[in-house]
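> Predicted model and sequence follow; I will ask about them next.
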Amino acid sequence: FFSIIAKVITGKVEFSNAFGGPIRIAQMAAQTADINLLSFINFLALLSLSLAIINILPFPVLDGGHIIIVLLEGILKREISPKVKIVIQNIGFIILLLFMAFVIYSDIMNFKQ
């Protein structure tokens with residue numbers, strides 16, 4: 001996962017080839033289901049693992065972001081203001097929505113080809 005992100009950042013892999021949204025996931029699920037049941041189950045396991053890894057990334061809104069905030073509060077030995085937490089979460093949510101929109105847009109563009 002992290003090697004793919006590094007390749008996208010360095011330009012070795014195009015973003016649209018590295019990440020897939022619902023359309024690409026459905027296409028890949030259909031392809032693996034056509035092979036055999038074991039391939040499909042392996043695909044589902046990999047998908048689940050990928051989503052778990054993404055969820056623990058230290059990004060606001062995701063669980064990893066919540067862990068970072070709790071750790072930061074532990075280091076500072078005081079609670080971060082609820083208003084600051086809300087601002088952080090809102091910014092993270094907007095960035096995540098923009099990322100999701102871009103991934104879905106890439107999916108649609110690749111699907112048309």
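Looks like it came in fine.
> so where's the protein uncertain?
Residue ranges of the chain with pLDDT under 70: 1-2, 113.
> hmm, 80 instead?
1-2, 4-5, 8, 15-18, 112-113 (pLDDT under 80).
> any idea which helix is longest in it?
helix 82-112 (DSSP state H).
> Give me the most central residue, the chain.
Ile54 (4.4 Å; Cα atoms, centre = their mean).
> Leaving out sequence neighbours, find the closest residue to that one.
Sequence neighbours aside, Leu62 is the residue nearest to Ile54 in space, at 7.2 Å (criterion: Cβ to Cβ, 6 or more residues apart in numbering). In this view, the C-beta of every residue, glycine as well, is placed from N, C-alpha and C.
> For that neighbour, give me its contacts.
Counting by Cβ atoms under 8 Å, 6 or more residues apart in numbering, Leu62 makes contact with 54-56, 92, 96.
> Try it again at 10 Å.
54-56, 68, 92-93, 96 (Cβ atoms under 10 Å, 6 or more residues apart in numbering).
> Pretty sure Ile67 sits against Pro60.
No. With contacts counted by Cβ atoms under 10 Å, Ile67 stays clear of Pro60, the gap being 11.2 Å.
> So for these two, which sits in the more crowded spot?
Pro60 (20 against 12; other Cβ atoms under 10 Å).
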